[in-house]
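Asks: Quick one, fold the following:
(2 chains)
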Amino acid sequence: MKRLIHIEQIKLLNYNPFRITLGIYVLAFALGLIIYPAIDKEIPVISLSDLFRFPDVWLFLTWVTEPYNILLALVVIMITTKEFNNHTFKTQLIFGLSRTELLLQKLLLVAVLAIFATLLLGLTSLALGLIYSYKLTFGIAMENTWILGRYLLSSFAYMSIGLLVALLIKNTALSLLTFLALRVFVDPVLFLILRKHEIKWYLPMRTTTRLTPLPDLIEIFSRKMNSEEPIDESALDIIPEGLPAWLNILLVLLYTSLAIFFSYRLMQRRRFT
Amino acid sequence: MSESNSFPSLPTEMNEILSIQGLSKSYKQVRAVLNLDLQILEGQAYGILGPNGSGKTTTLSVVTGIIRQDSGHFRWFGEEPQASQRRNIGSLIETPHFYPYLNLERNLRIICDIKGMPYGDIGRVLDTAQLTARKKSRYSTLSLGMKQRLGIAAALLGDPRVLVLDEPTNGLDPEGIAEVREIVMQQVQEGKTLILASHILSEVEKICSHVAILKKGELLANGPVKELLAEDEIIEISCNNNHALRKALEGSALVKEIETENGLLVLTLNEQVGPAEINTFAFANKLVVHHMLSRKRSLESQFLELVKEDQR
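Replies: Down below sits the predicted model:
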């Protein structure tokens, strides 16, 4: 394990496209800290800063930064297809890695990136929450942190699908394009076509995005305006429509396992010349 | 001799390094290797000789785990193939492939990590390959010859028992060829087992002790280089009284060696002696030759023809 991580470390930390993409990713988080408060001044009546208070900040920021996961999936695709282009999978096999270890190496990368992304989100949310919250109690601050677990899963799922696409297609540009098309075109179009059927909620990309859904903004703002009123329990349901949360999570776990299974099969059969 | 399981590291001559049985591999319509059998023992310098497209690279790619065979099997060190065995084998298959954006040292560190060994050996192999001055250069900045030498340096990392080299002098200038050959011969002299694929007859003759000749994926012949590619001319001969001819030849200065094979006499001729001299000698001894065939010539010319076909 340590050996595989160390090999990836040598490869990636000296690889400029990786450093740049990851830099952009971190910058995107940092900009969030600066830009959202700036937008806030231009919108009257409602204040965006309400969304940055504990415990809502966890849900809101998770939803906002979920699309950043695409960037991470692109990194995984770029790195995996590069191994094909440089024929370095072949070199690693010749010198004694097994085909399973080649896959494990990439899955470890996916796991490390997912943990990194979740930590970054956690720290950013914590920082914004500390800045904007009026009353700070540990209980309120930590409420809703469970969403980070879902973020971890969604980011792992995205990258696993990206890995499968890369192993299947091998070509960098085509793989990137295929993944983006799946995310921004195929999934929404299928969703529209299937809009009358319950099955629309079962699409892989859809289930993954719905792990971190848009929080109930109306509820958050109305809670602020009539803070004396008791909170309606049903309004707190963060998945107002679609599948129950547990089923959604189960489906993502299933899709992720399938992506890893097919990646494994591809790895075992590929000709690495 | 194949049962070296219990003593895999015993450095006797008879230890089996690689055995291949019934190996076949096709790429769609193209047959690359057909039913190949080979056995390579410890300490042998085994040449696999054949023109391009004869299945050399495919064979070596299968035994180094890059591609999967269609049928047949192979064993390393008398055991079923495993990735971990390859850490004791230094291989260079076709052109070397490294991370173009990493410097030579970092590329070799990756290989060390794969083999699970410390980085201490990197300096030695860079020295051997005369690349020490370039160790901080990116791999992509190397010339073709340097890349090839780095490939060999990587194969030498950790001082493996076995070297598998596929056309290590391909694409090099004469000076580069001489350098690479010297490195390889040094390794052979140190007692390493070498498996060398080449399409150059003279290269195999110079470096190898044994040779297998492939043609269109099939094994044409194999055995000690001395027998198959020696300068000595070997002829098979038969006459009305082989026994008498053998006795007469044994007393002459024409032949080095006489063996009997399937009722034929197999003669290893002395230098300056050709079939004509043998025939004259037999006639002078009142013996009538009714069969005479030059063996070595047939093999060599066959090989040269293969290569010629290929270059056309």
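Asks: going forward, measure contacts and count neighbours with C-alpha atoms only.
Replies: Noted.
Asks: could you check whether stretch B:125-140 is close to chain A?
Replies: No: Stretch B:125-140 is not in contact with chain A by CA under 8 Å from any CA of the partner chain; minimum separation 10.8 Å.
Asks: Would you work out how far apart the start and end of that stretch are?
Replies: 19 Å (CA to CA, to the nearest Å).
Asks: Now it: buried residues?
Replies: By neighbour count with 16 or more other CA atoms under 10 Å in any protein chain shown, stretch B:125-140 contains the buried residues B:125, B:126, B:128, B:129, B:130, B:131, B:132, B:134, B:135, B:137, B:138, B:139.
Asks: Which of those residues sits closest to residue A:130?
Replies: When the buried residues of stretch B:125-140 are compared for distance to residue A:130 (CA to CA), residue B:138 comes out closest, at 46.2 Å.
Asks: What's the separation between the closest one and residue B:99?
Replies: Separation of residue B:138 from residue B:99 (CA to CA) stands at 9 Å.
Asks: Same check on residue A:128?
Replies: According to CA to CA, residue A:128 and residue B:99 sit 41 Å apart.
Asks: Which strands or helices does the helix or strand harbouring residue B:244 pack on?
Replies: Using DSSP states H and E, residue B:244 sits within helix B:242-250. Where contact means 3 or more CA pairs under 8 Å, 6 or more residues apart in numbering or on different chains; DSSP states H and E, helix B:242-250 is packed against strand B:255-261, strand B:264-269.
Asks: Would you format the buried residues of stretch B:125-140 as CSV with pLDDT included?
Replies: Shown next, in CSV, are those (pLDDT from 0 to 100):
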residue, pLDDT
B:125, 95
B:126, 96
B:128, 91
B:129, 91
B:130, 91
B:131, 94
B:132, 95
B:134, 95
B:135, 93
B:137, 96
B:138, 96
B:139, 96
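Asks: so which pair among those residues is furthest apart in space?
Replies: Maximum distance among the buried residues of stretch B:125-140 (CA to CA): 18.9 Å, for B:128 and B:138.
Asks: Would you mind listing what in chain A touches chain B?
Replies: Proximity of chain A to chain B (CA under 8 Å from any CA) is limited to residues A:3-4, A:6-7, A:10-11, A:14-15, A:86-88, A:90-98, A:269-273.
Asks: now with 7 Å?
Replies: Residues of chain A found near chain B (CA under 7 Å from any CA of the partner chain) are A:3, A:7, A:14-15, A:86-88, A:90-91, A:93-98, A:271-273.
Asks: What's the first helix or strand after the helix or strand of chain A with the lowest mean pLDDT?
Replies: Least confident helix or strand, chain A: helix A:217-225 with a mean of 67, by mean pLDDT, DSSP states H and E. Downstream of helix A:217-225, the next assigned helix or strand under DSSP H and E is helix A:245-269.
Asks: Quick one: mean pLDDT for that next one?
Replies: Averaging pLDDT along helix A:245-269 gives 94.
Asks: With stretch B:241-253 instead?
Replies: 87.
Asks: Ok, stretch A:70-80 next?
Replies: On average, stretch A:70-80 scores 94.
Asks: How far away from the center of its chain is it?
Replies: Averaged C-alpha coordinates place stretch A:70-80 at 12 Å from its chain's average position (CA atoms, centre = their mean, to the nearest Å).
Asks: got the contact list for it?
Replies: Contact with stretch A:70-80 is made by A:18, A:21, A:158, A:159, A:162, A:163, A:166, A:172, A:175, A:176, as judged by CA atoms under 7 Å, 6 or more residues apart in numbering or on different chains.
Asks: Filter these down to the ones in helices?
Replies: Using DSSP state H, A:18, A:21, A:158, A:159, A:162, A:163, A:166, A:172, A:175, A:176 are the members of the contacts of stretch A:70-80 that sit in helices.
Asks: buried subset of those?
Replies: A:18, A:158, A:159, A:162, A:163, A:166, A:172, A:175, A:176.
Asks: Spit out the contact partners of the first one.
Replies: It stands for residue A:18. The contact partners of residue A:18, taken as CA under 7 Å, 6+ apart, are A:12, A:75.
Asks: angle of the helix holding residue B:244 against strand B:255-261?
Replies: 160 degrees (axes from the mean of the first three to the mean of the last three CA atoms, to 10 degrees).
Asks: got the contact list for stretch B:106-116?
Replies: A:3, A:7, A:95, A:96, A:97, B:87, B:98, B:99, B:118, B:119, B:122, B:154.
Asks: in the stretch 151-300 of chain B, which spans are strands?
Replies: Remark: strands assigned in the stretch 151-300 of chain B by DSSP state E, counting those that start in this stretch are B:162-166, B:193-198, B:210-215, B:218-224, B:234-239, B:255-261, B:264-269, B:289-294.
Asks: which parts of the stretch 51-200 of chain B sit against chain A?
Replies: So the stretch 51-200 of chain B meets chain A at B:64-67, B:83-84, B:86-87, B:91, B:97-99, B:101-102, B:110-111, B:113-115 (CA under 7 Å from any CA).
Asks: Just the residues you listed: which are in helices?
Replies: Going by DSSP H, the helices hold B:110, B:111, B:113, B:114, B:115 from those.
Asks: would you list those in TSV and tack on pLDDT and neighbour count?
Replies: Converted to TSV, these look like this (pLDDT from 0 to 100; neighbours: other CA atoms under 10 Å in any protein chain shown):
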residue	pLDDT	neighbour count
B:110	96	24
B:111	96	27
B:113	95	20
B:114	95	22
B:115	94	22
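Asks: Show me which pair in the residues you listed is furthest apart.
Replies: With CA to CA as the measure, no two of these lie farther apart than B:110 and B:115, at 8.6 Å.
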